[in-house]
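Fold the stuff below for me.
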Amino acid sequence: MRRNDGGGLVYSTDGGRTCPTCRKPLAACVCKAAASAPRSGDGIVRVNRETKGRGGKSVTVIRGVPLDAAELSALGKSLRASCGAGGTVKDGVLEIQGDHCDRVTTLLAQRGWTVRRSGA
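As a prediction, the model looks like this:
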């Protein structure tokens with residue numbers, strides 16, 4: 001049995017190679033299936049602006065988009081390009097640097113989603 005630097009089990013004589021996240025044999029790994037499954041919600045995409053914990057800089061936050069991880073990443077890329085800003089996707093939440101709530105709300109509504117501004 002050998003361990004990697006992260007402390008997770010890499011190989012077991014019982015099942016061969018194992019997934020470092022769920023620690024099941026690679027043939028029975030459920031991580032990719034769980035990541036590709038769309039997130040469930042109430043069907044409303046919420047857009048708000050946050051500044052807490054960001055050194056006073058505003059970030060447009062988009063929650064509740066019913067897409068899997070790959071589609072969410074592609075949507076984030078197109079929204080960042082339309083806004084001309086950077087950003088990221090973390091745990092199913094899109095973050096775009098700067099205050100772009102009005103533009104993002106319009107773009108998401110054009111794609112057919114029910115969009116609401118949340119927060120102040």
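
remind me which residues of this structure are low pLDDT?
Along the chain, segments meeting pLDDT under 70 span 1-15, 32-41, 120.

pull the longest helix from it.
helix 69-83 (DSSP state H).

Let me see the domain layout of this structure.
2-36, 44-117 (automatic domain parsing).

can you list these in JSON lines and add mean neighbour count?
(Each C-beta comes from the backbone N, C-alpha and C, glycine too.) JSON lines is the format used below for these (neighbours: other CB atoms under 10 Å):
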{"stretch": "domain 2-36", "mean neighbour count": "12"}
{"stretch": "domain 44-117", "mean neighbour count": "15"}
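
now the longest strand seen in the chain, how far from the chain's geometric center?
As assigned by DSSP state E, the longest strand anywhere in the chain is strand 44-50. The chain centre lies 14 Å from the centre of strand 44-50; the measure is CA atoms, centre = their mean, to the nearest Å.

counting contacts, what elements does the helix or strand just after that strand pack onto?
Counting by DSSP states H and E, the next helix or strand C-terminal to strand 44-50 is strand 59-63. Strand 59-63 sits against strand 44-50, strand 93-97, helix 101-110, with contacts defined as 3 or more CB pairs under 8 Å, 6 or more residues apart in numbering; DSSP states H and E.

Let me have the ones you listed in JSON lines, extended by distance to residue 117.
Putting those into JSON lines (distance: least, CB to CB, whole Å) gives the following:
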{"stretch": "strand 44-50", "distance to residue 117": "6"}
{"stretch": "strand 93-97", "distance to residue 117": "14"}
{"stretch": "helix 101-110", "distance to residue 117": "6"}
